[in-house]
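Novice: Sequence first, predicted coordinates after that:
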Amino acid sequence: MKQVLRKGLKDIVVEEVPDPTVRAHHVLVRPLYSLISAGTETASIHTEGVLKEVADNPGHLRKIYEVMKVAGPERTLAEVVAKFSEYAVLGYSGAGIVAETGAGVTDIAAGHIVAYGGEGTGHGETVLTGRNLVAKVPPGLGCDQACFATLGCIALNAVRSAALGVGDVVAIIGQGLIGQLIGQLARLQGAVVIAIDLKPERVELSRALGADYGLSADTALQQVMAITNGRGVDCAVVAAAAKSSRPAQQALELTRDRGCLVVVGAVKMEFPWEQMYRKEIQLRMARAYGPGSYDPLYEQKGQDYPLPYVRWTENRNMEEFLRLVASGRVNVEQLVTHRFALAEAPQAYQTILDPAAASLGVLLRYPAADHPETAGLYDIQRTIQLAPPAARSSGELRVALVGAGNLARWAHLPNLKKAPHVKLQAVFSASGARGKSYGVRFGAAYTTSEYQRILDDRDIDVVLIASRNQDHAKQALAALEAGKHVFVEKPMALTREECAALRSTVEKTGLHLTVGFNRRFAPFYMEVKNRLHGRSGPAVLNCRINSPGISGSYWMADPSIGGAILGEACHFVDLLYWLLDSEPLEVTAFSLPTGRQEPIGENNLVASFRFADGSIANLTYCTVGSRTSAGERVEAFAPGLGAFAEDFKRSEIRTTGVSKSSTWFAEKGYAGQLESFFRALSQSKTVEVNVRDGARATIGCLRMIESANTLSPCMIDIDAALNQQSVAAQNH
């Protein structure tokens, strides 16, 4: 399909990317029209170049420095350079015809005409969005007007946040699309509307659309005071986009004592404390489309909020805005200044960026608009060829990447590119733009949004799985059954059943599966293991992890899909086993109180392990610490030995003497891990990390969680757990 993308920092292109695949609680839509959100979308287009961007935002340099301390200068420089050519999706508001619905969607069907929204949907010939971000278009309303629904929903939420009533005087600073819509909606509430902007033509348009007053921003204060008899407005809404705090400060100046200030636009908010205090201003933020915005359970999993408790969710706001437009009470037709075909999208953005064009509402028209009756019957292309087929060299292994996330980008793909006799054949990603970016950058033959395409490709020898945790086992199992070797990022699996199925399939197929336990290949941890190897008796280990990033709404924090323990602490269950070379037998664990949104108790756990050789170990995993604290520290004590390794950057070994090592940049073992894996495959040897290692880490974490839940010690018997599940699976 064709999609509008930003290439690098400023170029707008229309490129072929794979059509998305429908998933549960989602809807595939074939747009007829989409609306460019000028403020939001052009904010990421840096027409004046990188030097000007850095000069305006010096904080970028600090971010680069912080990244470099973790990833090193070479990798950081490569990522900075990549920014000049990678693709990014633009756009989030359109209307069209439903082509397909996912599981769980029962009230929307193929052929329905809908408006859609959602971050990342973009301007493309096919878009995927959550069911709660789709609203049916009322009969008789054209898609060229319905495509305003998302921006209208933002405006409607701002009006609801302002709690306007009959006779309230509201000043709306900024008369772009959002400001114009807020003005019309405020009038429907019975408010007296004062439209303010720097551009005279926008002020005039506001008057034409019903604003009671239209003022220039330069002279607004005196005129507002005259209109309100010196009181000031009851509410000021900041709908402007600005890099300065002037719009916000002007709103404060215009607002009466104990008035309300609502911020919708992206502006700096710096207020004089004394003025805010003396006026006792109520400051409110209007968040996107309303209740449900940024809630993954609502937007991605289709869990609606009960109407008796939350009357106006983002979806119900979309429906109401469409009703108002269809009934003629809100006018969007007069907001449209330009229309372009999809292929002309670069010209559309040039028009928006050109002040002389006086653009406001800029629409993109799609080929499907010419034949809406057949829009849902389209030629699906979920694979895009990036390079012509190449002959396979002797001994070459061809790899498919599954999951185009940050770990693949920063670690696996750069290391893969350097590996001898290894070639990236394909990239599978649900995001067509990201899959294409990764594929082009790292030399893949094609990119696809359909996993089955990877499984069916006989040229692929290895599947490297770096997707989300809950998909690992299912994707690894399918790859093994399709005759592919598997490198799967941790955790290998989330349940004992998945562990048993993978172990059984590896044994049945004779294929290799390895798990991404990179710490086994990190130099400082290897040094600690070497010293422990020659110990004369049991050891005591202490492993402390501080990971404050895995918290809140971040998907990795969700206990229902493993959370921080199965998703990350599995690294350290494996590390303890590997350092000791001894099986864990028993664990006792405690967690913070559970059932809380933050901190998530299930992700904060202290556990004590007993091992077969008599060794013992403590594992502390927390997400409540400071970001300035060290991330991980592992200490080892054995007869005549004391050692520690911290954050992949320093270690200390104490025996009869003291040996200290440190490095500026972390070496996490990713390169050594891939090198070991591919060497084993090419030489037909056993992989260093195998399916049993993956199962041990998962089952150890499951027993930790069980112990914390029951407040009782739990035995760990890997063979019994795997065999029990295997027998159960066979009986079933």
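Specialist: Here it is on my side, so go on.
Novice: In three-state terms, label I380 for me.
Specialist: The assignment at I380 comes out as coil when based on DSSP: H, G, I helix; E, B strand; the rest coil.
Novice: Just to be sure, D257 is in a strand?
Specialist: Yes. With three-state DSSP as the criterion, D257 is part of a strand.
Novice: Correct me if wrong: it contacts K279.
Specialist: Yes. The pair D257 and K279 passes the contact test of C-beta atoms under 8 Å, sitting 5.0 Å apart. All C-beta atoms are positioned from the backbone trio N, CA, C, and that covers glycine.
Novice: Between those two, point out the one with more neighbours.
Specialist: With other C-beta atoms under 10 Å as the criterion, D257 and K279 differ in neighbour count, and K279 comes out ahead with 17 against 10.
Novice: thinking the more buried one is in contact with T255, fair?
Specialist: Yes. Distance between K279 and T255: 6.7 Å, which falls inside the contact criterion (C-beta under 8 Å).
Novice: Bridge partners for V606, pull those for me.
Specialist: Partner residues in beta bridges with V606: F590, T620, with DSSP bridges as the criterion.
Novice: That one reaches L592, doesn't it?
Specialist: No. Shown here, V606 and L592 do not form a contact pair, counting by C-beta under 8 Å, at 9.3 Å.
Novice: and the longest helix anywhere in the chain, what other elements does it pack with?
Specialist: Secondary structure of the chain read by DSSP state H shows that its longest helix is helix 691-710. Secondary-structure packing of helix 691-710 (3 or more C-beta pairs under 8 Å, 6 or more residues apart in numbering; DSSP states H and E): helix 496-509, strand 513-515, helix 570-580, strand 584-591, strand 605-611, strand 714-715, helix 718-731.
Novice: Quick one: work out the angle between that helix and strand 584-591.
Specialist: 40 degrees (axes from the mean of the first three to the mean of the last three C-alpha atoms, to 10 degrees).
Novice: Helix 691-710: which residues count as buried?
Specialist: Taking 16 or more other C-beta atoms under 10 Å as the basis for neighbour counts, the residues of helix 691-710 that come out buried are 691-705, 707-708.
Novice: can you check stretch 177-190 too?
Specialist: Residues of stretch 177-190 classed as buried under the neighbour-count rule (16+ other C-beta under 10 Å) are L177, I178, G179, Q180, L181, I182, G183, Q184, L185, A186, R187, Q189.
Novice: Over to the first one: give its phi and psi.
Specialist: In terms of degrees, to the nearest 10, the main-chain angles of L177 are phi -60, psi -50.
Novice: how much space is there between it and S37?
Specialist: The spacing between L177 and S37, counted by C-beta to C-beta, to the nearest Å, is 7 Å.
Novice: The third one too?
Specialist: Taking C-beta to C-beta as the criterion, G179 is separated from S37 by 13 Å.
Novice: how about the helices in the stretch 251-400 of the chain?
Specialist: Using DSSP state H, counting those that start in this stretch, the helices of the stretch 251-400 of the chain run over 273-279, 296-299, 314-326, 345-353.
Novice: Most tightly packed of those helices?
Specialist: helix 314-326 (a mean of 23; mean count of other C-beta atoms under 10 Å).
Novice: Which other helices and strands does that helix contact?
Specialist: In this structure, helix 314-326 makes packing contacts with strand 113-117, strand 134-136, helix 143-146, helix 149-162, judged by 3+ C-beta pairs under 8 Å, 6+ apart.
Novice: And the contacts of that helix?
Specialist: 115, 117, 132-141, 145-146, 148-150, 152-153, 155-157, 160, 185, 188, 288-293, 298, 304, 307, 312, 330-332 (C-beta atoms under 8 Å, 6 or more residues apart in numbering).
Novice: Just the buried ones out of these, please.
Specialist: If we count by 16+ other C-beta under 10 Å, the contacts of helix 314-326 have these buried: 115, 117, 132-137, 141, 145-146, 148-150, 152-153, 155-157, 160, 185, 288-293, 298, 312, 330-332.
Novice: how about the longest strand along the chain as CSV, C-alpha atoms only?
Specialist: With residue count as the measure and DSSP state E as the assignment, the chain has strand 26-36 as its longest strand. Presented in CSV, the C-alpha positions along strand 26-36 are these (Å, rounded to 0.1, in the frame of the first residue of the first chain):
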residue,chain,number,x,y,z
HIS,A,26,-8.9,-3.8,16.0
VAL,A,27,-10.4,-2.7,12.7
LEU,A,28,-8.8,-2.4,9.2
VAL,A,29,-10.0,0.7,7.3
ARG,A,30,-9.6,1.8,3.7
PRO,A,31,-9.5,5.6,4.0
LEU,A,32,-11.3,7.8,1.4
TYR,A,33,-10.1,11.0,3.0
SER,A,34,-7.7,12.0,5.8
LEU,A,35,-7.0,15.3,7.5
ILE,A,36,-3.5,16.6,8.1
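Novice: Please pull up the helix or strand immediately following it.
Specialist: Taking DSSP states H and E as the definition, the helix or strand that follows strand 26-36 towards the C-terminus is helix 38-42.
Novice: which helices and strands sit right next to that next one?
Specialist: Counting contacts by 3+ C-beta pairs under 8 Å, 6+ apart, helix 38-42 packs against helix 177-188, helix 345-353.
Novice: give the contact list for the nearest residue to A387 once chain neighbours are set aside.
Specialist: Once its chain neighbours are removed from consideration, A387 has its nearest residue in A445; the separation is 5.2 Å (C-beta to C-beta, 6 or more residues apart in numbering). A445 makes contact with Q385, L386, A387, P389, A390, Q425, A426, according to C-beta under 8 Å, 6+ apart.
Novice: next one: L35
Specialist: L35 makes contacts with S93, G94, C147, F148, T150, L151, L177, G361, V362, L363, L364, as judged by C-beta under 8 Å, 6+ apart.
Novice: still on that earlier bit, could you export the helices and strands packed on helix 314-326 as CSV, including mean pLDDT and distance to E201?
Specialist: Putting the helices and strands packed on helix 314-326 into CSV (pLDDT from 0 to 100; distance: least, C-beta to C-beta, whole Å) gives the following:
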stretch, mean pLDDT, distance to E201
strand 113-117, 97, 28
strand 134-136, 98, 31
helix 143-146, 98, 22
helix 149-162, 96, 19
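Novice: what would the ones you listed look like in a markdown table with distance to M318?
Specialist: Formatted as a markdown table, the helices and strands packed on helix 314-326 follow (distance: least, C-beta to C-beta, whole Å):
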| stretch | distance to M318 |
| --- | --- |
| strand 113-117 | 6 |
| strand 134-136 | 4 |
| helix 143-146 | 10 |
| helix 149-162 | 5 |
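Novice: among the ones you listed, which is nearest H371?
Specialist: Of all those, helix 143-146 sits nearest to H371, with 13.3 Å by C-beta to C-beta.
Novice: what residues does the closest one touch?
Specialist: With C-beta under 8 Å, 6+ apart as the contact definition, helix 143-146 has outside contacts at 31-33, 94-96, 113, 115, 137, 322, 325, 332-333, 336, 339, 363, 365, 369.
Novice: Recalculate using a threshold of 7 Å.
Specialist: With contacts defined as C-beta atoms under 7 Å, 6 or more residues apart in numbering, helix 143-146 is touched by L32, Y33, A95, G96, I113, A115, V137, L322, V325, V332, E333, L363.
Novice: count of neighbours near Q452?
Specialist: 13.
Novice: Quick check: it vs T21, distance?
Specialist: For Q452, the distance to T21 (C-beta to C-beta) stands at 10 Å.
Novice: How about L424?
Specialist: Look at L424 and T21: by C-beta to C-beta, they are 21 Å apart.
Novice: more neighbours, the two?
Specialist: The residue with more neighbours, out of L424 and T21 and counting by other C-beta under 10 Å, is L424; that gives 22 against 19.
Novice: if I pick the more buried one, what's in contact with it?
Specialist: Remark: with contacts taken as C-beta under 7 Å, 6+ apart, L424 is in contact with V399, L401, L416, F442, G443, A444.
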